[in-house]
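Asker: here are the coordinates; sequence isn't available:
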């Protein structure tokens with residue numbers, strides 16, 4: 001169906017599209033699948049009427065499509081780290097969410113994200129395994145999907161994010177901090193994040209990292225400034241393949 005195809009294609013490259021972008025992709029999909037119908041609509045000036053009638057349905061469908069990926073990622077994290085029995089629900093308050101995320105069980109899961117699953121040199125990192133269970137191989141070739149997946153995983157376990165549901169707007173906000181997140185950038189460069197790093201809490205990470213590793217941090221920031229785009233795409237392509 002055009003709506004299904006349009007929403008799926010749009011999600012791969014834009015997780016928070018504007019109304020105009022949703023309309024453009026939906027219109028293009030109808031034109032691809034039903035060119036004769038599209039010509040008829042255009043000749044009768046009927047597209048605007050169709051879009052006005054379809055907009056709210058398409059928007060809701062896209063949001064549900066996006067939410068299905070979030071649920072898949074969350075369920076995989078809960079399964080991999082055996083968190084189903086104690087996970088919060090949508091009615092859990094911020095204080096209880098923080099208490100859960102600060103528990104030893106969740107803390108260990110958070111640290112294990114950056115560890116290999118066993119002693120085999122070719123073993124996946126836990127975070128890679130979760131991504132591969134949540135996205136298809138083709139989807140993981142798209143950088144935007146990798147960023148989205150990792151960000152949802154981190155927010156789910158991050159004690160500084162005290163909401164029971166992973167908000168799409170907050171995911172986008174934190175994806176915007178991707179290039180400055182020391183935990184992620186250390187991992188992309190093949191280094192283990194520091195144990196006292198608070199995942200995705202950029203201000204805290206910067207303070208801890210500067211205090212404990214000022215010389216290495218200066219080098220890392222210089223490297224990132226010069227090579228960040230190349231490093232991200234090259235390393236992630238290798239990790240996800």
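Answerer: Alright, I've got the coordinates. Keep in mind that this is a model prediction, so the values were computed, not measured. Residues are numbered from 1 along each chain as shown.
Asker: For residue 178, the count of nearby residues, please.
Answerer: 18 (other Cβ atoms under 10 Å). Placement of C-beta: from N, CA and C, glycine included.
Asker: likewise residue 152?
Answerer: Residue 152 has 25 neighbouring residues, counting by other Cβ under 10 Å.
Asker: my guess is it contacts residue 74, does it?
Answerer: Yes. The pair formed by residue 152 and residue 74 meets the contact definition of Cβ atoms under 8 Å, at 7.2 Å.
Asker: got any residues that touch both of these two?
Answerer: Contact criterion Cβ atoms under 8 Å, 6 or more residues apart in numbering; residues bridging residue 152 and residue 74 by contacting each: residue 166.
Asker: Excluding sequence neighbours, find me the nearest residue to the residue nearest the centre of the chain.
Answerer: By Cα atoms, centre = their mean, the chain has its centre lying nearest to residue 148, at 1.6 Å. Leaving aside its sequence neighbours, residue 148 sits nearest to residue 15 (Cβ to Cβ, 6 or more residues apart in numbering; 5.6 Å).
Asker: Need the pLDDT of the one you found.
Answerer: The predicted local distance difference test score for residue 15 is 92.
Asker: now residue 43
Answerer: 76.
Asker: Residue 175 versus that one, what's the distance?
Answerer: Taking Cβ to Cβ, to the nearest Å as the criterion, residue 43 is separated from residue 175 by 42 Å.
Asker: And those two? Which one has more around it.
Answerer: Between residue 43 and residue 175, counted using other Cβ under 10 Å, the more crowded position is residue 175 (18 against 8).
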